[in-house]
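In: how does the following fold in three dimensions:
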Amino acid sequence: MESLEQVNCLVADGKKFAHPLHHLGKSEGDLPVIAIDSFRHMYLFPDFQQIHTPGKLRQFVLDLHSGKLHREFHHGPDPNQPQEIAGAPETQPPPSVFEKLKPASNRYTILEKTEL
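Out: This is a model prediction of the structure:
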């Protein structure tokens, strides 16, 4: 049996889960969305309307377990594979908020700038 049973489903309120939606580049107005949170990355199902296409959601979960979603998260779609949906929305994650956490010159510090 394939590892589909290793996925726990959660239906969440878009207002309570606004922060994770923000990390996906989505807002309450974009609902409904389907995403997999692997606790390392969040992967967005590219087109919610394809939920009605037999096998699409199953393939999304299988792509998680095969490592395809993780690979594409870091390196983009495989150029050797044809894109399934012409004009599909971008699945690239929004820019990292961690870049904004670097030290700033206008913050106070106990240490002298030369000590950093």
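
In: for the rest of this, base every contact and every neighbour count on C-alpha atoms.
Out: Fine.

In: pLDDT value on the closest residue in space to L31 that isn't next to it in sequence, please?
Out: If the residues on either side of it in the chain are set aside, L31 comes closest to G14, at 7.3 Å by C-alpha to C-alpha, 6 or more residues apart in numbering. pLDDT, G14: 87.

In: quick check: the gap between G14 and L57.
Out: Taking C-alpha to C-alpha, to the nearest Å as the measure, G14 falls 21 Å from L57.

In: got it, and F45?
Out: 8 Å.

In: what's the answer for Q50, then?
Out: Applying C-alpha to C-alpha to Q50 and L57 gives a distance of 8 Å.

In: more neighbours: those two, which one.
Out: Neighbour count, other C-alpha atoms under 10 Å: between Q50 and L57, L57 has more, with 16 against 12.

In: what comes up buried for the helix or strand where that one lies?
Out: Element membership of L57 [criterion: DSSP states H and E] is helix 56-66. Residues of helix 56-66 classed as buried by neighbour count (16 or more other C-alpha atoms under 10 Å): L57, F60, V61, L62, L64, H65.

In: save these as TSV, and put in distance to S27 too.
Out: Output for the buried residues of helix 56-66, formatted as TSV (distance: C-alpha to C-alpha, whole Å):
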residue	distance to S27
L57	22
F60	22
V61	23
L62	26
L64	24
H65	27
